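Engineer: predicted model and sequence below, questions to follow.
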Amino acid sequence: MTLRHFTHIRDLGPEGVERILSRAAAWKGSFPKHLVDRVLAMVFFNPSLRTRASFETVMIRGGGSAVVLEVGNGVWKLEDRLGAVMDGDRAEHVREAVPVLARYADALAVRTFATCADDAADHADPVIGAFRQYSTVPVISMESAREHPCQGLADLLTARELFGPTRGLPVTLAWAPHIKPLPKAVPNSFLLTAAAAGCEVRVAHPEGFELMPEVLAEARGYAQAAGGSVSVTHDLDSALAGSRVLYAKSWGPATAGGPGPEAVKAHPEWLTSTAHLARMAPDAIFEHCLPVRRNVEVSDAVLDSPQCRVVDEAENRFHVQRALLDLLIGNGS
Ligand code: CP
């Protein structure tokens, strides 16, 4: 397949998701030098532990190297709005910064978060759009306003390693409380990737925390093509019954007509506990993208249980990103 950029699951589609997951699984335990002389420029608008470390180690172990730029920390603050009068603290426009970086590196990776105040604007993913438009080399999303696609791939690889083929696998994406509204990128990506992999995806959240309608529609299209399904409920118990994967994640309320940002602190019964795991299949696992706020989103007992696979998921970021970089800029690509 030809892959120009990878910023959204739609860049891969169900066939591409399968290809990345298969390659990632096949390469586990081996360290081919497939990125010799390749350079990845990574641009962070927001902090990271796993994303930064996993992409850097993929490049190092593959024989290449990574340049890490933290916007506003030794790097000019970047403006992305076209037509902006740049009389504030943003000294450089992505219109210049992106093509310049593309002259130095074989691929660009970018992390930028959501506003959490305007779902429509976040759905449009303006910073990712600018990188795609102005880069002459492949662009990879390390999380954006709309999606965190590498996370979604790692989440699915983790389930697949334990359960085998994912077609028809019942998985539950459950909202969790938090101290502040968080982006919808991670839940969007779990939903899209699981749907593309043919899972029976059950989304559960309190009223007012609806995911973006465009993302739900896209996921339903993938599910139809891949033999899976997508359902949405406010009843967490029914979404957990017999499920094999509990993916807990907090996200902010719907920004149009939603209950307001303070609502993320409500609904303590949605804090993931062992009582939730008890409603699931006996071999069910727990997933979370990390970082996780213990005893705010998820109880200590769940995170310390043998069912918890969060470290495996984080390791799988390395494996799926290695397969992705091989496809985009590998020495044999
Ligand atoms: N899951 C994830 O993307 O972690 P970081 O924010 O630490 O990169």
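Structural biologist: Received the coordinates, thanks.
Engineer: now do the contacts for the closest residue to the ligand within the stretch 51-200 of the chain.
Structural biologist: Of all residues in the stretch 51-200 of the chain, Thr51 sits closest to the ligand, at 3.2 Å by CB to the nearest ligand atom. Bear in mind the C-beta positions are built from the backbone N, C-alpha and C, glycine included. The contact partners of Thr51, taken as CB atoms under 8 Å, 6 or more residues apart in numbering, are Arg111, Met142, Glu143, Cys150, Arg317.
Engineer: also near the ligand: which of those residues, exactly?
Structural biologist: Glu143 (CB under 6 Å from any ligand atom).
Engineer: columns pLDDT on top of the contacts of Thr51, output as CSV?
Structural biologist: Converted to CSV, these look like this (pLDDT from 0 to 100):
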residue, pLDDT
Arg111, 98
Met142, 98
Glu143, 98
Cys150, 98
Arg317, 98
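Engineer: so of the contacts of Thr51, which ones are in strands?
Structural biologist: Judged by DSSP state E, these include Arg111 as members of strands.
Engineer: select from the contacts of Thr51 every entry located in helices.
Structural biologist: The helices, defined by DSSP state H, take in Cys150, Arg317 from the contacts of Thr51.
Engineer: make a markdown table out of the contacts of Thr51 and add neighbour count.
Structural biologist: Formatted as a markdown table, the contacts of Thr51 follow (neighbours: other CB atoms under 10 Å):
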| residue | neighbour count |
| --- | --- |
| Arg111 | 25 |
| Met142 | 26 |
| Glu143 | 26 |
| Cys150 | 26 |
| Arg317 | 26 |
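Engineer: for whatever helix or strand the residue of the stretch 51-200 of the chain closest to the ligand lives in, buried residues please.
Structural biologist: Assigned by DSSP states H and E, Thr51 falls within helix 50-61. Going by neighbour count (16 or more other CB atoms under 10 Å), the buried part of helix 50-61 is Arg50, Thr51, Arg52, Ser54, Phe55, Glu56, Val58, Met59.
Engineer: could you check the next helix or strand after that helix and say which residues are buried?
Structural biologist: For helix 50-61, the following helix or strand on the C-terminal side (DSSP H and E) is strand 65-70. Neighbour counts over strand 65-70 (16+ other CB under 10 Å) mark Ala66, Leu69, Glu70 as buried.
Engineer: let me see the contact set for Ala114.
Structural biologist: Contacts of Ala114 by CB under 8 Å, 6+ apart are Asp122, Ser144, Ala145, Arg146, Pro183, Lys184, Ala185.
Engineer: what about the closest residue to Leu49 other than its chain neighbours, how many residues close to it?
Structural biologist: In space, and not counting its chain neighbours, Leu49 is closest to Pro291: 7.0 Å by CB to CB, 6 or more residues apart in numbering. Residues within reach of Pro291, counting by other CB atoms under 10 Å, total 12.
Engineer: likewise for the one 4 residues further on?
Structural biologist: Under the neighbour criterion other CB under 10 Å, Asn295 is assigned a count of 12.
Engineer: need the pLDDT of the residue of the stretch 51-200 of the chain closest to the ligand.
Structural biologist: The model reports Thr51 with a pLDDT of 98.
Engineer: likewise the one 5 residues further on?
Structural biologist: Glu56 is assigned a predicted lDDT (pLDDT) of 98.
Engineer: mind listing the helices for the chain?
Structural biologist: Under DSSP H, the chain gives helices at 13-27, 50-61, 94-104, 119-124, 126-134, 149-163, 185-196, 213-226, 236-240, 274-278, 300-303, 310-329.
Engineer: point out the most buried one among those helices.
Structural biologist: For these, the largest average neighbour count (mean count of other CB atoms under 10 Å) is found in helix 185-196, namely a mean of 29.
Engineer: got the CA positions of that one in PDB?
Structural biologist: Output of helix 185-196 as PDB, limited to C-alpha atoms (Å, rounded to 0.1, in the frame of the first residue of the first chain):
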ATOM      1  CA  ALA A 185      -8.300  12.100  20.700                       C
ATOM      2  CA  VAL A 186      -7.600   8.900  22.600                       C
ATOM      3  CA  PRO A 187     -11.200   7.600  22.900                       C
ATOM      4  CA  ASN A 188     -11.700   8.600  19.200                       C
ATOM      5  CA  SER A 189      -8.700   6.500  18.200                       C
ATOM      6  CA  PHE A 190      -9.600   3.500  20.300                       C
ATOM      7  CA  LEU A 191     -13.100   3.600  18.800                       C
ATOM      8  CA  LEU A 192     -11.900   4.000  15.200                       C
ATOM      9  CA  THR A 193      -9.100   1.400  15.500                       C
ATOM     10  CA  ALA A 194     -11.300  -1.200  17.200                       C
ATOM     11  CA  ALA A 195     -14.000  -0.700  14.700                       C
ATOM     12  CA  ALA A 196     -11.500  -1.000  11.800                       C
END
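Engineer: which other helices and strands does it contact?
Structural biologist: helix 13-27, helix 149-163, strand 170-175, strand 200-204, helix 213-226, strand 245-249 (3 or more CB pairs under 8 Å, 6 or more residues apart in numbering; DSSP states H and E).
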